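A structural model of the following input is requested.
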Amino acid sequence: MTYKYDTREVTHGNAMGFFAKISKTESGALDLKTPYPFTGLRKTSFETSQESKAYYADNVEHVRLQGKKSTEGSITTYQIPKQFMVDHLGKKLTTSTPPALIDTGVNANFIWGYTETVTDEFGSEVEEFHIWTNVKASAPKGSTTADESSATPKEIEIPCTASPNNFILDSDKKPVSEIVWRDTDKGVIRAKFDKLFTSSTPTKLIDFINEALGTTAIVSGG
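Numbers count the residues shown, from 1 in each chain. Okay, the predicted model is just below:
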């Protein structure tokens, strides 16, 4: 018997990390701030779990119910952008010269995104964009190590949790946690993505997400 397999492919790499602050306007509408590139990104790791519990009757499994999904993970990096520390890690800049960072700020939730590369058996490559719509970061984990015969750069791990964003909805009006958008049309998505960071007429992040969803179901946006 001859089997027909899908195209063989692997996913690798971790590039183009970016983040954007989530807030609300005075009227209570969603307000996404300017996205910033995340320099020094080493790894993004998210794991989603969902409790499943069986209920029995007549000596058999009567029904199985699932609880809500819970997503935890981390961002691992060689460095943390100052804007990320101020907006999302509870840091505050002092008025000293030069300014210092102190730990009395507010850590707001943020949009988190990055790209991976998908390579198939014939060597063709496409980018795959991942967007997490509502992420909360905790205090970074890191340690110092003395330099010996060679210097080893310190990796910093930022614990995170991801949740659905109640303002970002799919066509069925369900809150979205993650968007995966593969650039199979010869760099069309890459061109749209790059316009988020152009200084002249940047595309709004809210519009980029709307295009990824293929709908205008976002409740509101800035």
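
show me where pLDDT drops low in the chain?
In the prediction, the chain carries residues with pLDDT under 70 at positions 1, 215-222.

can you give me how far the longest helix seen in it is from the chain middle?
Selection of the longest helix in the chain by residue count, based on DSSP state H, yields helix 205-213. Put simply, helix 205-213 sits 14 Å off its chain's centre (Cα atoms, centre = their mean, to the nearest Å).

same check, this time on stretch 185-192
Counting by Cα atoms, centre = their mean, stretch 185-192 comes out at 19 Å from the chain centroid.

C-alpha coordinates for it, PDB please?
Taking only C-alpha atoms (Å, rounded to 0.1, in the frame of the first residue of the first chain), the coordinates of stretch 185-192 have been written out as PDB:
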ATOM      1  CA  ASP A 185       2.300  34.100   0.000                       C
ATOM      2  CA  LYS A 186       5.900  35.200  -0.800                       C
ATOM      3  CA  GLY A 187       6.600  37.600   2.000                       C
ATOM      4  CA  VAL A 188       3.200  39.400   2.100                       C
ATOM      5  CA  ILE A 189       2.900  39.000   5.900                       C
ATOM      6  CA  ARG A 190       6.500  40.100   6.300                       C
ATOM      7  CA  ALA A 191       5.800  43.300   4.400                       C
ATOM      8  CA  LYS A 192       2.800  44.000   6.600                       C
END
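
Quick check: residue 177 vs residue 81, distance?
24 Å (Cβ to Cβ, to the nearest Å). C-betas here are computed from N, CA, C, even on glycine.

Also residue 168?
Distance, residue 168 to residue 81, using Cβ to Cβ: 23 Å.

Kindly report the same for residue 62.
Counting by Cβ to Cβ, the gap between residue 62 and residue 81 amounts to 52 Å.

Between the two, point out the one with more neighbours.
residue 81 (17 against 10; other Cβ atoms under 10 Å).

Surely the more buried one and residue 38 touch.
Yes. Judged on Cβ atoms under 8 Å, residue 81 makes contact with residue 38 at a distance of 6.0 Å.

these two touch, right, residue 169 and residue 209?
No. Applying Cβ under 8 Å as the test, residue 169 and residue 209 come out as separate, 10.8 Å apart.

who's more crowded, the two?
Relative neighbour count places residue 209 above the other of residue 169 and residue 209, with 22 against 18, counting by other Cβ under 10 Å.

From the centre of this protein, point out the most distant residue.
In the chain, residue 58 marks the outermost C-alpha relative to the chain mean, sitting 45.5 Å out by Cα atoms, centre = their mean.
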